[in-house]
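Peer 1: just a sequence and a predicted model for now, questions to come.
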Amino acid sequence: MTDRDRLVPDEGLTPASEALPGAAGPLKLDKPPRSQWADVWDQFKHHKGAMAGGIIFLAIVLTVFLGPLVWTVEPTLIDIRARNQGMSLEHPFGTDQLGRDMFARMMAGGRTSVAVGIAAMLLALFLGSFVGVVAGFFKKLDSPLMRLTDLFLALPLLPLLLVMMLLFREPLNAAFGAEQGIFILIVCAIGVTSWMPTARIVRGDVLALKEREFVLAARSIGTTNAKMITRHILPNVLSPIMVSATLGIANAIITESALSFLGLGFPPDFPTWGRLLFDATDYLQQYPSRVFWPGMAISLTVLSVNYLGDGLRDALDPRIRGR
Amino acid sequence: MLTFTIRRLVLAIPTLLFISLVIFLLLELAPGDPMAQVPLTVPPEVKQQMREALGLGEPIPVRYWKWIVQFFWIEPQVLFDNIFGTNLTEGKLRVISWQTRSPVMDIVVQRIPQTLWVVGTAYVVATLIAIPIGIYSAYRQYSWFDQAGTFVSMIGFSVPPFFSGVLVIVIFSVQLGWFPSIYDTTHVVNSWESFVKQLQQMIMPVMVLALQITAQTSRFMRASMLDNLNQDYVRTARAKGLGEYAVVMVHVLRNSMIPVVTVIALGVPAIFGGAIITEQVFKVNGIGQLLITAIQANDLPMVQTLTFIFAALIVIFNLIADVLYGILDPRIRYD
């Protein structure tokens, strides 16, 4: 955002009300001028669902990443005597069939799930924005890139993801080790199959922006294409990108859990929320609570992220702002 | 309109061919070997012969061409034979599954009814529920009904089917014991009791699938109704003295249905894909479950055919949605 701030040369210039005392007699500015992001934040604060969603998502992320510093039980520690326990002070979420602490496993699983979600979202966002900006900005590339997007949209994503898991698991495991390999594979697979909506939205916005006067002005003073994109186009398409980012996290977390649930995600000894849920379905009749916690964690995360995206969309839309 | 439809149909062919090529090339990289199960005592040259018998020794373009011919030329003939009792395909090679050594399409045809029953019912039920919800939510915007509808559809978006499915199993079949947790595909409906049993086993998968579809469709319906409710023609209709029912249910609803119908058409293939998980949860013996078992068993011809069927569904329903849009909305006829 530093680029945009530099475009507004506020230092050294006196406000109009002081320079022209006659013109602005009654118009006394008692508040300092507000930046766009302060406006966005003000609107965002009034969206109750979005605030609640944001706080819950933040709480989940903090618990998952910082929790292990407080709750120091190893998620892989097997204590066979304490197996299949219910909720207690010693094990807040109980233990599984090998006596492993479910709370520690939930946090470890959440770390993987959230990390996969964020990494896959970043990849999808990068690809989507890149394709969208290039297609919108360069007329010659528009048609082939949009054809490509349409083709990707016509691919059956879940079956293809499953096929990709089948194909690339072995080579990547050999190259990066079991956990690293599968992490890279899942992030790439989800990222490569979910960039299309972002690309479409960004392209539409870039096409509209290109006709605006400030782009013409920038062009007339000899701005190069690269500068034009990084300084003028990208900051202005940031809001649709941010909304897609939140929805992308939700989508990636659900997809990762679905893959783990179908047994084609992370290996069994490496907990993720989807994997924990999948393992717990075998003990569905005896210990239904074990299914409940991971499922609840997935749903709550996705729900809070969705509400966050909803509020963000409203806050970033200047037409609704101030209502 | 007709030229547009024909043009889109012609365009769909290269799209489908390209997708089939992508799927074929992806699977070409697969590490699996159909001879992995053959005992080690079988000499290598016999193994090589077996591999060639499965059509594996040939170069890639030849095999792709053969797959195309088998899938697009021979399989339709088999269908023709089965319907009219002719024998055009005697002795011709069909796409063979590595798992069962029987033609892939025969297995697919056996599995499709189960998927269609569950997915189709869920889609119809969900649409029938979603449209009234959408209409009323938009008509009474920001009322408690609208707020509740928003919340329920947010839940429908956020709770993945593998959780909602397991949850309804815990509630309705473990705790309450009302419905069976496993879908019995061998069940034959021939009397009232068996029909009731069929209904009971269908309720849970349909419920899980319908929750998701309802969430999506009711949101679209609401947004589309809201767009139309503020239009000038609605004010005109009210000014003419038309009753509220006629204004909303005739004038607004008809115009709002245009985008919703296309969304419903576009959602069909996505639901087939999404049903993979639901089928797995309830052990429905459908094509989604067939895909999963084929992937686990490294049965590449089966995986290839099924993935292509899913892709074809998407392309076909995209086409249907486009054409429907043109038929329903004369303003955007494409010619």
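Peer 2: Nice, thanks for sending it over.
Peer 1: tell me the residues of the stretch 201-335 of chain B that contact chain A?
Peer 2: The stretch 201-335 of chain B comes close to chain A at residues B:269, B:273-274, B:276-277, B:280, B:291-292, B:295-296, B:298, B:303, B:306-307, B:310-311, B:313-315, B:318, as judged by CB under 8 Å from any CB of the partner chain. The C-beta positions use only the backbone N, C-alpha and C, and glycine is treated the same way.
Peer 1: mind running it again at 7 Å?
Peer 2: For the stretch 201-335 of chain B, the residues in contact with chain A (CB under 7 Å from any CB of the partner chain) are B:273, B:276-277, B:280, B:291-292, B:295, B:303, B:306-307, B:310-311, B:314-315, B:318.
Peer 1: now, these that are in helices?
Peer 2: B:273, B:276-277, B:280, B:291-292, B:295, B:303, B:306-307, B:310-311, B:314-315, B:318 (DSSP state H).
Peer 1: point to the residue nearest the middle of the chain.
Peer 2: Here I'm looking at chain A. Centroid-nearest residue in chain A: A:Ile249, 3.4 Å away (criterion: CA atoms, centre = their mean).
Peer 1: wrong chain, I was asking about chain B
Peer 2: B:Phe272 (2.3 Å).
Peer 1: ok, and the closest non-adjacent residue to that one?
Peer 2: Nearest non-adjacent residue to B:Phe272, counting by CB to CB, 6 or more residues apart in numbering or on different chains: B:Leu313, 5.8 Å away.
Peer 1: residue in the stretch 201-335 of chain B with the shortest distance to chain A?
Peer 2: Nearest to chain A, among the residues of the stretch 201-335 of chain B, is B:Phe310, at 3.4 Å (CB to the nearest CB).
Peer 1: I'd like the distance between that residue and B:Tyr64.
Peer 2: 19 Å (CB to CB, to the nearest Å).
Peer 1: and if you look at A:Ser35?
Peer 2: A:Ser35 is 57 Å from B:Tyr64, by CB to CB.
Peer 1: who's more crowded, these two?
Peer 2: The neighbour comparison of A:Ser35 against B:Tyr64 (other CB atoms under 10 Å in any protein chain shown) goes to B:Tyr64, with 16 against 13.
Peer 1: low pLDDT regions in the stretch 51-200 of chain B?
Peer 2: B:53-57, B:87-93 (pLDDT under 70).
Peer 1: how about the helices in it?
Peer 2: With DSSP state H, counting those that start in this stretch as the criterion, the stretch 51-200 of chain B has helices at B:60-69, B:75-84, B:104-139, B:144-158, B:161-168, B:192-229.
Peer 1: for the fifth one, C-alpha coordinates in PDB please.
Peer 2: Yep, that's helix B:161-168 we're talking about. Extracted in PDB, the C-alpha atoms of helix B:161-168 (Å, rounded to 0.1, in the frame of the first residue of the first chain):
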ATOM      1  CA  PRO B 161     -20.900 -33.300   3.400                       C
ATOM      2  CA  PHE B 162     -18.500 -35.600   5.100                       C
ATOM      3  CA  PHE B 163     -19.300 -34.000   8.400                       C
ATOM      4  CA  SER B 164     -23.100 -33.400   8.000                       C
ATOM      5  CA  GLY B 165     -23.400 -36.900   6.700                       C
ATOM      6  CA  VAL B 166     -21.600 -38.500   9.700                       C
ATOM      7  CA  LEU B 167     -23.600 -36.200  12.000                       C
ATOM      8  CA  VAL B 168     -27.000 -37.300  10.700                       C
END
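Peer 1: which elements pack onto that helix?
Peer 2: helix A:288-316, helix B:192-229, helix B:253-282 (3 or more CB pairs under 7 Å, 6 or more residues apart in numbering or on different chains; DSSP states H and E).
Peer 1: does chain B sit close to the shortest one?
Peer 2: Yes. If you take CB under 7 Å from any CB as the test, helix A:288-316 does meet chain B, through A:288, A:291, A:295, A:298-299, A:302-303, A:306-307.
Peer 1: now the angle from that helix to helix B:161-168?
Peer 2: For helix A:288-316 against helix B:161-168, the angle by axes from the mean of the first three to the mean of the last three CA atoms, to 10 degrees is 130 degrees.
Peer 1: then the second one?
Peer 2: For the pair helix B:192-229 and helix B:161-168, the angle between their directions (the same axes, to 10 degrees) equals 130 degrees.
Peer 1: contact partners for A:Pro271?
Peer 2: A:Pro271 sits next to A:75, A:105, A:108-109 when contact means CB atoms under 7 Å, 6 or more residues apart in numbering or on different chains.
Peer 1: ok, now with 10 Å
Peer 2: A:75-76, A:96, A:100, A:102, A:104-113, A:260, A:279, A:294 (CB atoms under 10 Å, 6 or more residues apart in numbering or on different chains).
Peer 1: thinking the residue nearest to the centre of chain A is in contact with A:Gly53, fair?
Peer 2: No. With contacts counted by CB atoms under 10 Å, A:Ile249 stays clear of A:Gly53, the gap being 11.6 Å.
Peer 1: any residues in contact with both of those two?
Peer 2: A:301, A:305-306, A:308-309.
Peer 1: turn these into TSV, columns for pLDDT, neighbour count and distance to B:Leu176.
Peer 2: Compiled in TSV, the shared contacts of A:Ile249 and A:Gly53 are given as follows (pLDDT from 0 to 100; neighbours: other CB atoms under 10 Å in any protein chain shown; distance: CB to CB, whole Å):
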residue	pLDDT	neighbour count	distance to B:Leu176
A:Thr301	89	27	29
A:Val305	88	27	32
A:Asn306	85	23	30
A:Leu308	86	28	35
A:Gly309	83	21	36
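Peer 1: return the member of these nearest to chain B.
Peer 2: A:Asn306 (5.6 Å).
Peer 1: touching, that closest one and B:Met154? I think so.
Peer 2: Yes. Look at A:Asn306 against B:Met154 with CB under 10 Å: they come within range, at 6.0 Å.
Peer 1: which neighbours do these two share?
Peer 2: A:49, A:53.
Peer 1: that older thread, list the contacts for the residue nearest to B:Phe272?
Peer 2: Per CB under 10 Å, 6+ apart, neighbours of B:Leu313: A:154, A:156, B:268-273.
Peer 1: about what we covered before: among the residues of the stretch 201-335 of chain B next to chain A, which pair sits farthest apart?
Peer 2: B:Gln280 and B:Asn318 (26.3 Å; CB to CB).
Peer 1: mind checking which of these two has more residues around it?
Peer 2: The residue with more neighbours, out of B:Gln280 and B:Asn318, is B:Gln280; 23 against 20, by other CB under 10 Å.
Peer 1: and the more buried one, what does it touch?
Peer 2: B:Gln280 touches A:258, A:261-263, A:278, B:161-162, B:165, B:286, B:288-289, B:291-293, counting by CB under 10 Å, 6+ apart.
Peer 1: and it, how far is that from A:Phe261?
Peer 2: For B:Gln280 relative to A:Phe261 (CB to CB), the value is 8 Å.
Peer 1: B:Arg222 reaches B:Gln141, doesn't it?
Peer 2: Yes. Under the criterion of CB under 10 Å, B:Arg222 makes contact with B:Gln141 at 8.2 Å.
Peer 1: looking at the two, which is more packed in?
Peer 2: Set B:Arg222 next to B:Gln141 and count neighbours by other CB under 10 Å: B:Arg222 wins out with 25 against 13.
Peer 1: from what I see, A:Glu74 and A:Arg100 are in contact.
Peer 2: Yes. Counting by CB under 10 Å, A:Glu74 touches A:Arg100, with 8.4 Å between them.
Peer 1: contact residues of the stretch 1-150 of chain B facing chain A?
Peer 2: B:12, B:15-16, B:18-19, B:22-23, B:26-32, B:147, B:150 (CB under 10 Å from any CB of the partner chain).
Peer 1: please flag which of those sit within helices.
Peer 2: Counting by DSSP H, the residues of the stretch 1-150 of chain B next to chain A contribute B:12, B:15-16, B:18-19, B:22-23, B:26-28, B:147, B:150 to helices.
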